[in-house]
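J.: requesting a structural model of the entry that follows:
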Amino acid sequence: MQQQTNRYWIVGGEYADTSFSQLVDGTERVMGPYPSRERAMAEWQTLAEATRANCHARYSIAEEARR
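T.: Numbering: from 1, shown residues only. Sure thing, here's the model as predicted:
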C-alpha cells in the first residue's frame, strides 16, 4: 500500500490594494512544492519578512492532497 503524501505551495504576490482581491500583473508567485507543512512555513516566514514593509503583498500556504 502506497502512503498518501501531501505537497505544499506558497502562492501570492502584490495586490492592487488592501482588499487583496486583485493581483498586480506580473507579481504573481507560486513557490514549491514543499514536502511538509513545516518546510513551507519556514519558507513562507522568510518571504513574509522580506515583504513586511509592503502592505499590498500577501502570501499563503496551499495544501495539495496527492493520490
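J.: check the gap between the residue positioned nearest the centre of the chain and Phe20 for me.
T.: The residue lying closest to the centre of the chain (CA atoms, centre = their mean) is Ile10, at 2.0 Å. Here Ile10 is placed at a distance of 15 Å from Phe20 (CB to CB, to the nearest Å). The C-beta positions use only the backbone N, C-alpha and C, and glycine is treated the same way.
J.: excluding its backbone neighbours, what's nearest the residue nearest to the centre of the chain?
T.: Counting by CB to CB, 6 or more residues apart in numbering, the nearest residue to Ile10 once its immediate chain neighbours are dropped is Met31, at 4.3 Å.
J.: ditto for Arg7
T.: Nearest-residue entry for Arg7: Pro33, 3.8 Å, with adjacent residues in sequence omitted and distances by CB to CB, 6+ apart.
J.: can I take it that Arg39 is in a strand?
T.: No. The assignment for Arg39 (DSSP: H, G, I helix; E, B strand; the rest coil) gives helix, which keeps it out of a strand.
J.: ok, it - contacts?
T.: Shown in contact with Arg39 (CB atoms under 8 Å, 6 or more residues apart in numbering): Tyr8.
J.: and Ala57, by the same measure?
T.: Gly12, Gly13, Glu14, Tyr15, Thr51.
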